[in-house]
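[1] Dropping a prediction and its sequence here:
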Amino acid sequence: MYTLHSKQNLPISLMEAWEFLSNPSNLKIITPDYMGFHILSGADRPMYSGQIIQYVVTPVLGIKTNWVTEITHVKDKMYFVDEQRFGPYALWHHKHFLREISGGVEMEDIVDYKMPLGILGRMVHPFLVKPKLNQIFEYRRKKLIELFGEYKS
């Protein structure tokens, strides 16, 4: 098992952050274009527990991958959790937390994931998967600053 942990502060209200981040359609906006991210179904309503979202993504070497996630937990303006039901990982559990802070909101992501393919997956993780995930989250960090401005403490 591996864990990716990310925090970012934004100079927006909790309501504005929640409305943007809990709308599955906005995931495309904060995902790098080279990932070929495209929602197939399930993003036509506001987020709710039990929601199934299907999309296609091209994470590595131009190989299109179907990914199905379920929104398993939602607590309005506080957190939501998405879990992979079908896709490239043996396990993907992504917790999204929001917390009001002075002058804005703190976003925190904790992703627990497990590589497929046993030892082969563990071997490619440090030089292929981990850097790619860090790159995706860094893109997202920069895109959110571009969209909402930089937090000044």
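    Nice, thanks for sending it over. Numbers count the residues shown, from 1 in each chain.

[2] who are the neighbours in contact with the spatially closest residue to H125 that is not a sequence neighbour?
    Excluding the flanking residues, the one nearest H125 by Cβ to Cβ, 6 or more residues apart in numbering is M115, at 5.3 Å. Where C-beta positions appear, they are placed from N, C-alpha and C, glycine not excepted. Residues near M115 by Cβ atoms under 8 Å, 6 or more residues apart in numbering: Y2, Y89, A90, G121, R122, V124, H125, V129.

[3] One more pass at 7 Å, please.
    By Cβ atoms under 7 Å, 6 or more residues apart in numbering, the contact list for M115 reads Y89, A90, G121, R122, H125, V129.

[4] Helices of the chain, residue ranges please.
    Using DSSP state H, the helices of the chain run over 14-21, 118-124, 130-148.

[5] Quick one: these as TSV, columns for mean neighbour count too.
    Converted to TSV, these look like this (neighbours: other Cβ atoms under 10 Å):
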stretch	mean neighbour count
helix 14-21	17
helix 118-124	12
helix 130-148	15
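
[6] Kindly reformat these as JSON lines containing mean pLDDT and distance to H94.
    Converted to JSON lines, the helices of the chain look like this (pLDDT from 0 to 100; distance: least, Cβ to Cβ, whole Å):
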{"stretch": "helix 14-21", "mean pLDDT": "97", "distance to H94": "12"}
{"stretch": "helix 118-124", "mean pLDDT": "95", "distance to H94": "18"}
{"stretch": "helix 130-148", "mean pLDDT": "97", "distance to H94": "11"}
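
[7] Select, out of these, the one closest to T72.
    helix 14-21 (16.1 Å; Cβ to Cβ).

[8] Just want the angle from that closest one to helix 130-148.
    Here helix 14-21 runs at an angle of 130 degrees relative to helix 130-148 (axes from the mean of the first three to the mean of the last three Cα atoms, to 10 degrees).

[9] Number of residues surrounding F86?
    By the criterion of other Cβ atoms under 10 Å, F86 has 13 neighbours.

[10] wait, isn't it in contact with E70?
    No - contact status for F86 versus E70: not in contact, 9.9 Å apart, counting by Cβ atoms under 7 Å.

[11] residue boundaries of the strands in this protein?
    Using DSSP state E, the strands assigned to the chain run over residues 2-10, 38-41, 51-57, 65-75, 79-86, 91-101, 104-114.

[12] Thanks again, I'm all set now.
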